[in-house]
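Novice: sequence? don't have it. structure:
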């Protein structure tokens, strides 16, 4: 799904560095039907690489359709998690910080 790939390619330039200052977390996004990306947040700087480097604090698993709805603001991420449309493995506290990115 091209829009998911575009989202990850554009993410570093869209993140407000002041909102992610002090964050030092790495996230793996496993998006079924679209691919896998690793997003590293290091004190306001965001880097995105394709694939899973194995160092993620948390892994977020979703279908491309549900992920696209979440980033478009059409689906609440907490509701998606509670209803099983979004799965999180690893550090749930780190995953909660993701709200600062979007």
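Specialist: It's in. All values derive from a computational prediction rather than experimental measurement.

Novice: From now on I want contacts and neighbour counts done on CA atoms only, so please keep to that.
Specialist: Noted.

Novice: Tell me where the model's unsure across the chain.
Specialist: 1-2, 102 (pLDDT under 70).

Novice: What's the local residue count around residue 5?
Specialist: The tally of other residues near residue 5 (other Cα atoms under 10 Å) stands at 17.

Novice: so it sits in a helix?
Specialist: Yes: under DSSP: H, G, I helix; E, B strand; the rest coil, residue 5 falls within a helix.

Novice: Now for it: which residues touch it?
Specialist: 34, 35 (Cα atoms under 8 Å, 6 or more residues apart in numbering).

Novice: show me where this protein has helices.
Specialist: 2-14, 17-20, 64-71, 77-82, 92-96 (DSSP state H).

Novice: Not counting its neighbours along the chain, what's nearest residue 3?
Specialist: residue 68 (7.5 Å; Cα to Cα, 6 or more residues apart in numbering).

Novice: Looks like the one you found contacts residue 4 (just checking).
Specialist: Yes: with contact defined as Cα atoms under 8 Å, residue 68 reaches residue 4; the gap is 6.5 Å.
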